[in-house]
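Student: sharing a model that was predicted from the sequence below.
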Protein chains: 2
Amino acid sequence: MKQLIAVDWGTSSLRAALLDGQGRVLAEHSSARGILTVAPGEFAPVLVAACADLARPAGHFYLLSGMVGSRQGWKEAPYCPCPAGFAAISARLAWVEAGAQLGRCAIVPGLSHEHLGVPDVMRGEETQVLGALDLLGLDEGLFVLPGTHSKWVRVRAGRIEGFSTFMTGEFYALLRKHSILARTMPAEDGALDEQAFKQGVARAWQAGSLLHSAFSARTLSLFERLPAAALPSYLSGLVIGEELRSQQLDAAQGPVVVIGAPELTRRYEFALRDFGLTVRCVGAEATWRGLWAIAQTLES
Amino acid sequence: MKQLIAVDWGTSSLRAALLDGQGRVLAEHSSARGILTVAPGEFAPVLVAACADLARPAGHFYLLSGMVGSRQGWKEAPYCPCPAGFAAISARLAWVEAGAQLGRCAIVPGLSHEHLGVPDVMRGEETQVLGALDLLGLDEGLFVLPGTHSKWVRVRAGRIEGFSTFMTGEFYALLRKHSILARTMPAEDGALDEQAFKQGVARAWQAGSLLHSAFSARTLSLFERLPAAALPSYLSGLVIGEELRSQQLDAAQGPVVVIGAPELTRRYEFALRDFGLTVRCVGAEATWRGLWAIAQTLES
């Protein structure tokens, strides 16, 4: 397999990597040119500029994932319904007319999943899950991708069977910045206070709903039982604990794979281990590996 | 018993009523002079001005409830721990030196309740619950006071045994105004769409956590299964449904008493009746009745 230019193009950032035939990263580039900064018709030149440091642009295969495939992106890549694995996703790539300056160029579709009459969607996370499967040599398991909108993904026989979204990061930001709780918190989050975080996780489990548990951040502060500096960590524990409480977790199940940046996966690792689960963490390499593995299916 | 001037003095508004010896409202006044607008030392003159329309100020008994008894108010009335009924609350009134222009003046204390090592607090709602008890001739039951911070209050043998706060109204406002969901919603809430509201309540019950159910407001909109105009009602159903889901509700229990303004109690009534519960609603008269009933205990 030839070299690949893998691109993770989201709402607020653009990351690209040149990968060799074995999927190793030869060079990386990242910028703040998320899709919201790109005017229609400007996607190709922005990508050319982003990849100028990586390689001579022409002649490569460019494989893109993330919100670049949404209605607001370069070209809409319609959601692929679950269950979906490498084969289904490869068959539904959205091919882009990228012009002579680039080579072949395709966008990985997001996935949709309908459960109890309600649709759920992801874009970009499917690629990370496929990458984690490849990196870890798995073909089943439970995967968590923490973030603004966390995804919990079930894989069986190499296919994503279904998933659920939890607006955990967004709720944290809303409560942190705009709620009554913001009044007693310091301006900056500071380093994670592990004890306060775990206290928040335990409280979430006990309270049964974030609507109720969140108020404890106010009263514990009011009664001077938690210092202001510990409140952001406590609140982080409340929202992540709420997310975990809502899963059908079983301490006897196999490891949970947490995919994301270490500052966030670490918190999930703490909380899941406390619940008696084994955890494996995968970092940003999951995206490059996923794009590379999808590209492989086209070659074979 | 003589006339009473009853005052509901909250963060953002001041309401006062002249009540006769039987607790009937003879005259009312309301203004936007909530405690946040009042400088220290100015509480007495603001109250005198507010009551100028009601009666000649001197010689009356003034009984106040709400955030006026908080640290940011006129005088801190320390929280009275649960269980607490008329006797405990009357014994802990915070008496105010109101000066010659007013007469006797006292502030009703808020209540605190500790459950599983976490404190909870209310200020003002205790007076509404006592008023509802008196109005309905009850000495036990489950009371709900919907709002920015909804209170669920259990009464037994005429005393408030305990309560829990749910930040339902505040979560609604955060999601409505500041979250990703705001992008697809109309600028104004419009009239309640009962069907969308009930659909939201049902979804809350099904989803198990608002972190997850809230995302359905986005996907149902994305897949054009809910029109934008119905989204505020659906979201209202999601948050109120989440609040109800978290209670230990039993369709076989006695009626639930919902206290508050009709536009809000109506929504709780819908949702509770759908769950098979009987509901009684009490309006703003609960505050006046509660203050009057507390004043009665001082006379007897």
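Tutor: Here it is on my side, so go on. Numbers count the residues shown, from 1 in each chain, chains lettered A, B, ... in the order given.
Student: which strand or helix spans the closest residue to A:Ala271 other than its chain neighbours?
Tutor: Nearest non-adjacent residue to A:Ala271, counting by Cβ to Cβ, 6 or more residues apart in numbering or on different chains: A:Val201, 4.8 Å away. Yep, even glycine has a C-beta here, placed from its N, CA and C like the rest. In the assignment (DSSP states H and E), A:Val201 maps to helix A:194-207.
Student: can you pull out the residues in contact with that helix?
Tutor: With contacts defined as Cβ atoms under 8 Å, 6 or more residues apart in numbering or on different chains, helix A:194-207 is touched by A:210, A:213, A:216-217, A:226, A:230-231, A:233-242, A:244-245, A:267, A:270-271, A:274, B:116, B:118.
Student: tell me the helix or strand right after it.
Tutor: The element immediately downstream of helix A:194-207 (helix or strand, assigned by DSSP H and E) is helix A:210-222.
Student: by contact count, what packs against whatever helix or strand comes next after that following helix?
Tutor: Beyond helix A:210-222 on the C-terminal side, the first helix or strand identified by DSSP H and E is helix A:231-245. Counting contacts by 3 or more Cβ pairs under 8 Å, 6 or more residues apart in numbering or on different chains; DSSP states H and E, helix A:231-245 is packed against helix A:168-178, helix A:194-207, helix A:210-222, helix A:262-274, helix B:210-222.
Student: state the mean pLDDT of the third one.
Tutor: Going back to what we said before, that points to helix A:210-222. Computed over helix A:210-222, the mean pLDDT rounds to 97.
Student: can you give me the angle it makes with helix B:168-178?
Tutor: Following axes from the mean of the first three to the mean of the last three Cα atoms, to 10 degrees, one obtains 100 degrees for the angle between helix A:210-222 and helix B:168-178.
Student: export helix A:210-222 as PDB, just CAs?
Tutor: Only the C-alpha atoms of helix A:210-222 are listed here, as PDB (Å, rounded to 0.1, in the frame of the first residue of the first chain):
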ATOM      1  CA  LEU A 210     -27.900  15.200  37.600                       C
ATOM      2  CA  LEU A 211     -30.900  17.600  38.100                       C
ATOM      3  CA  HIS A 212     -30.600  16.700  41.800                       C
ATOM      4  CA  SER A 213     -26.900  15.900  42.200                       C
ATOM      5  CA  ALA A 214     -25.800  19.200  40.600                       C
ATOM      6  CA  PHE A 215     -27.400  21.200  43.500                       C
ATOM      7  CA  SER A 216     -25.000  19.500  45.900                       C
ATOM      8  CA  ALA A 217     -22.200  21.500  44.300                       C
ATOM      9  CA  ARG A 218     -24.000  24.500  45.600                       C
ATOM     10  CA  THR A 219     -24.900  23.300  49.100                       C
ATOM     11  CA  LEU A 220     -21.500  21.700  49.800                       C
ATOM     12  CA  SER A 221     -20.000  25.100  49.000                       C
ATOM     13  CA  LEU A 222     -22.600  27.000  51.000                       C
END
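Student: which residues does it contact?
Tutor: Helix A:210-222 has contacts (Cβ under 8 Å, 6+ apart) with A:171, A:175, A:179-181, A:184, A:200, A:203-204, A:206-207, A:226, A:228, A:231, A:234-235, A:238-239, A:241-242, B:118-121, B:149, B:164-168, B:171, B:209-211, B:239, B:242-243, B:246.
Student: again with the shortest one
Tutor: The contact list for helix A:168-178, computed with Cβ under 8 Å, 6+ apart, reads A:146-150, A:181-182, A:185, A:189, A:210, A:214, A:217, A:232, A:235-236, A:239-240, A:242-243, B:174-175, B:177-180, B:210-211, B:214.
Student: still on that earlier bit, which of the contacts of helix A:194-207 are buried? Put it as a PyMOL command.
Tutor: Here is the PyMOL command that selects the buried residues among the contacts of helix A:194-207 (16 or more other Cβ atoms under 10 Å in any protein chain shown):
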select buried, (chain A and resi 210+213+216+217+226+230+231+233+234+235+236+237+238+239+240+241+242+244+245+267+270+271) or (chain B and resi 118)
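Student: what's the first-to-last distance across stretch A:256-265?
Tutor: End-to-end distance for stretch A:256-265: 11 Å, by Cα to Cα, to the nearest Å.
Student: tell me which residues in it are buried?
Tutor: Residues of stretch A:256-265 classed as buried under the neighbour-count rule (16+ other Cβ under 10 Å) are A:256-260, A:264-265.
Student: would you mind naming what in the stretch 51-200 of chain A lies close to chain B?
Tutor: For the stretch 51-200 of chain A, the contact set with chain B under Cβ under 8 Å from any Cβ of the partner chain comprises A:116, A:118-121, A:149, A:164-168, A:170-171, A:174-175, A:177-180.
Student: now, of these, which are buried?
Tutor: Counted by 16+ other Cβ under 10 Å, these give A:118-121, A:149, A:164-168, A:170-171, A:174-175, A:179 as buried.
Student: quick one: low-confidence ranges for chain A?
Tutor: A:1, A:57-58, A:300 (pLDDT under 70).
Student: run the last query once more with 80
Tutor: A:1, A:56-59, A:98-102, A:299-300 (pLDDT under 80).
Student: any idea how far B:Val121 is from the residue of it most remote from its centre?
Tutor: Ranked by distance from the centre of chain A (Cα atoms, centre = their mean), the top residue is A:Phe223, with 37.2 Å. Per Cβ to Cβ, to the nearest Å, A:Phe223 is found 9 Å from B:Val121.
Student: and A:Glu188, by the same measure?
Tutor: Distance, A:Glu188 to B:Val121, by Cβ to Cβ: 28 Å.
Student: likewise for A:Phe43?
Tutor: Counting by Cβ to Cβ, the gap from A:Phe43 to B:Val121 is 53 Å.
Student: same check, this time on A:Pro81
Tutor: Using Cβ to Cβ, one gets 48 Å for the distance from A:Pro81 to B:Val121.
Student: repeat that for A:Gly110.
Tutor: 45 Å.
Student: before we move on, what about A:Asp8?
Tutor: 46 Å.
Student: excluding sequence neighbours, find me the nearest residue to A:Gly59.
Tutor: Nearest residue to A:Gly59, sequence neighbours excluded (Cβ to Cβ, 6+ apart): A:Gly103, at 5.0 Å.
Student: try A:Arg245
Tutor: In space, A:Arg245 is closest to A:Trp205, 5.3 Å off (Cβ to Cβ, 6+ apart).
Student: of the buried ones among the residues of the stretch 51-200 of chain A next to chain B, closest to B:Leu26?
Tutor: Nearest to B:Leu26 among these: A:Ser179, at 39.7 Å, using Cβ to Cβ.
Student: packing partners for the strand or helix carrying A:Asp120?
Tutor: For A:Asp120, the host element (DSSP H and E) is strand A:118-122. Packed against strand A:118-122 by the contact rule (3+ Cβ pairs under 8 Å, 6+ apart) you find strand A:111-115, strand A:159-166, helix B:210-222.
Student: deepest of these, which one?
Tutor: Among those, helix B:210-222 has the highest mean neighbour count (mean count of other Cβ atoms under 10 Å in any protein chain shown), at a mean of 24.
Student: how far away is A:Ala214 from A:Tyr234?
Tutor: A:Ala214 is 10 Å from A:Tyr234, by Cβ to Cβ.
Student: likewise for A:Val201?
Tutor: For A:Val201, the distance to A:Tyr234 (Cβ to Cβ) stands at 9 Å.
Student: one more: A:Pro146?
Tutor: For A:Pro146, the distance to A:Tyr234 - Cβ to Cβ - is 18 Å.
Student: then A:Gly34?
Tutor: A:Gly34 is 31 Å from A:Tyr234, where distance means Cβ to Cβ.
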